[in-house]
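In: sequence first, predicted model second:
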Amino acid sequence: MIKTSWRIPLFTVLWRGEGESYKGTAQTDIIKGMASNRWTLSLGLFFTLAVTAAPPDFRATLYPALESAGCRGCHSVDGVASSTRLRFPDSAATPSEIEAFGKSLVALVDRKSPEQSVIYRKPTARVAHAGGERIHKGSPEEGALRTWVDYLATLSPAETAAALRNPATSVSGKAPAAAVRRLTNSQYNHVVRDLLGDRSQPASQFPPEDFVNGFRNQYQSQNLSPILMDAYGAAAEKLTRAAFRNGIPAALLSCQPSAACRAIFIRSFGLRAFRRPLEPAELVRYEALFAKQKAFQDGMKIVVEAMLQSPNFLFRMDSAAPAKWKAYATASRLAFALWDTAPDQALLDAAARGELDSHAGVEAAIRRMLGDKRAPEALDQFTAEWLRFDRALNSSKDRTRFREFTADTLYAMTQEARFFIGDLVWNNRNFMDIFTADYGFMNGDLAKLYGAPAPVGEYERTPFPSGSERAGLLGQALFLSATAKPDDTSPTARGLFVREQFLCQHVPDPPPGVDTNLPEPTEDKPKTNRQRLAEHTTNESCARCHSLIDPVGFGFEKFDAIGQRREKLELIFRTGEGENRKAGKHMEIDLDTTGTVAGIPDSNFSSPRQLGGVLAGSRICQECVVKQYFRYVAGRLETPADRDTISHAYEAFRKSGFQFREMMVAVLLGQ
């Protein structure tokens, strides 16, 4: 007899033989049929039998099928369906964790009518599913899914309770191995400014950094190319030459030049450059290098140039440091997070005194640092990367249609966002007002663009026009311009930006080879972008993702490619070619700006202002703010091992009335 823990469903037990069928009603009939392999069991009422079969092997059958169907792409921690009850475990989950995930799917099973279970009907598109048909009807994968659903429906109450105590979201995961982080270009500029008083920003000439996970400072992007290594060497030489151009800088030497002073200088400068005390062997090595020079100044110069090229200077000591330097590693982590530069002397002294060894000491240091003038400068860097200033600054617009789009206006767009975020953070306002504020920080150019009265001064807080339907970042020209094409809006780009930057949801890349071009409107078939994008809903491979992003972008269609308000879509059909191309017939079409955010209940909207209200009140969006800051300061995506840190930081954020500074404190204390 085969042991098992699940029951066989019995309602219509059919014997399929030579053109005959027989409905068995006795347990002995069932046993005989099973023994002769002549029975087919179909769904119905449940009776516990003394003889049962082995449970299905989830890990070997259904789990690979779900992975192949791409379900993880949306149903993961950062997927567009992350808010649903179905969430995959970490990609590095153990076999036991995968089995626990399979059992946890019982929460999505209708025990009385398993064929009506959402976990069965959605992936097979028997009911509306934003991801479309992921498991084809009649396929072996559907058979595996149905078998697993039937099995889960037979779990006892005790087994069900145990399964629900171990859902996929409880998989603990492991913290990533400690990584050594290179100074970003921004940090390099700030460190040499504070170390040498040099404001030439040499790293601006270094190779540009790539955006990974939405930021430029992520572990994965911090490789050392030969070009970058050469740039470090050239910069060290140039910085040293500039520092000693007028003799020995007083800021670098606290004693009279002498043999005894040599060691004092090396220890002092080494502490600030390496963000920790020098090892005895290092001190000996740099003293020997210094001693080879005849003049004291030349000795200083060679040591400075050598240290500026050392890995101990170019790479941060955050968590990979030896235990004895733990306090200095903490000082370094806090300084680069809050100031985008190296620790100051006060922070290094706190590390030396052991004040950073306690939770209270670290919190005191964080709060002191938040009051320093370097904190707003560092926050500006986070803002610029989070809101992707680069996309706006590198964009181009059709100058024949958008003459208002100039370099000055573009600069004003980024300044408005900086002033807006800075005001919310440093004046302890509700940070979720980033989506609902009925004002911006405008200069004359932006006020004209928005149709608002010109402010008295530059970048003053100014109300949006009452009928403009603008609100917060979503109503600002920076967002609207950065997510548009040169000559038109892009509902897809705008919806994708909202999903990725404000909901922390990753939308899977389009399948390779997909033609993303849409037919252009013609005079005989004029169409809005919404009508043109309707083609995505008829193409299954497109609909899976575009149904999640396009409906978000449609709500912005009354704002053109540079963020100006428009009531209708104006189509201009041009004639001629090249230099002879001229504007021809003009047409205006009504706009349908209704939209929705799949995955957020009651999220219908028709304007940036309405969508702002939806986002501001959504826990998904609120938590995303925490996650984005965590990703920035940690230099990586969050993992299951970081859930407690994210959760505690979110609670501190919420309880403070969504004060960003309190969230910053909580994130840094939790690392």
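Out: Now that the structure is in, tell me what you want to look at.
In: hang on, C261 packs against R267?
Out: No: counting by C-beta atoms under 8 Å, C261 does not reach R267; the two are 10.8 Å apart. (Each C-beta comes from the backbone N, C-alpha and C, glycine too.)
In: could you count how many residues lie near I589?
Out: Neighbourhood size, I589 [other C-beta atoms under 10 Å]: 15.
In: that one pairs with what?
Out: Taking DSSP bridges, one obtains L569 as the residues bridged to I589.
In: is it true that it touches P526?
Out: Yes: between I589 and P526 a contact is recorded at 5.8 Å, counting by C-beta under 8 Å.
In: quick check: neighbours shared by those two?
Out: Between them, I589 and P526 have L571 as joint contacts when contacts are counted by C-beta atoms under 8 Å, 6 or more residues apart in numbering.
In: number of nearby residues for A295?
Out: 10.
In: tell me which residues in stretch 499-513 are buried?
Out: Within stretch 499-513, the residues that count as buried by 16 or more other C-beta atoms under 10 Å are 499-507.
In: closest one of those to I600?
Out: Nearest to I600 among the buried residues of stretch 499-513, counting by C-beta to C-beta, is L503 at 8.2 Å.
In: ok, that closest one to R619 distance?
Out: L503 sits 11 Å away from R619, taking C-beta to C-beta, to the nearest Å as the criterion.
In: please apply the same query to R333.
Out: Taking C-beta to C-beta as the measure, R333 falls 28 Å from R619.
In: and the two? Which one has more around it.
Out: R333 (24 against 11).
In: which stretches of the chain aren't confidently modelled?
Out: Flagging of the chain using pLDDT under 70 yields the residue ranges 1-53, 83, 166-179, 320-321, 511-516, 536-541, 543-544, 575-584.
In: so which residue is dead centre in this structure?
Out: C504 (4.6 Å; C-alpha atoms, centre = their mean).
In: residues contacting that one?
Out: Under the criterion of C-beta under 8 Å, 6+ apart, the contact partners of C504 comprise 78, 82, 620, 623-624, 627-628.
In: that one sits in which helix or strand?
Out: C504 belongs to no helix or strand when assigned by DSSP states H and E.
In: what distance do you get for it to Q610?
Out: When distances are taken as C-beta to C-beta, C504 and Q610 turn out to be 21 Å apart.
In: now L152
Out: When C-beta to C-beta is applied, the distance between L152 and Q610 equals 40 Å.
In: ok, P95 next?
Out: The gap separating P95 from Q610 is 46 Å, by C-beta to C-beta.
In: in terms of neighbours, single out the busier of those two.
Out: For P95 versus Q610, neighbours defined as other C-beta under 10 Å are more numerous around Q610 (19 against 9).
In: next, that one: phi, psi?
Out: Main-chain torsions, Q610, degrees, to the nearest 10: phi -70, psi -40.
In: three-state assignment of the residue nearest to it when sequence neighbours are not counted?
Out: Beyond its immediate neighbours in the sequence, the residue positioned closest to Q610 (C-beta to C-beta, 6 or more residues apart in numbering) is G555, lying 7.3 Å away. Counting by DSSP: H, G, I helix; E, B strand; the rest coil, the backbone at G555 sits in helix.
In: my guess is G555 meets G612, correct?
Out: No: G555 sits out of contact with G612 when judged by C-beta under 8 Å, with a separation of 10.1 Å.
In: residue contacts, the closest residue to V118 other than its chain neighbours?
Out: Nearest in space to V118, with sequence neighbours left out and distances taken as C-beta to C-beta, 6+ apart, is L108 at 5.1 Å. L108 makes contact with 85-86, 117-119, according to C-beta under 8 Å, 6+ apart.
In: that older thread, the residue nearest to Q610: neighbouring residues, count only.
Out: Residue crowding around G555 was assessed by other C-beta under 10 Å; the count is 28.
In: from H586, how far off is S104?
Out: For S104 relative to H586 (C-beta to C-beta), the value is 58 Å.
In: the more surrounded of these two?
Out: S104 (23 against 9).
In: which helix or strand contains that one?
Out: Counting by DSSP H and E, the element that carries S104 is helix 95-104.
In: likewise I572?
Out: With secondary structure defined by DSSP H and E, I572 is part of strand 568-575.
In: now R267. Nearest residue, chain neighbours left out?
Out: Counting by C-beta to C-beta, 6+ apart, R267 lies nearest to L278, which is 6.1 Å off, once chain neighbours are set aside.
In: that neighbour should be in a helix, yeah?
Out: No: with three-state DSSP as the criterion, L278 is located in coil rather than a helix.
In: need the contact list for the closest residue to V80 other than its chain neighbours.
Out: Using C-beta to C-beta, 6+ apart and skipping the chain neighbours, the partner closest in space to V80 is Q505 (4.3 Å). By C-beta under 8 Å, 6+ apart, the contact list for Q505 reads 78-80, 82, 499, 599, 620.
In: many thanks, we can stop here.
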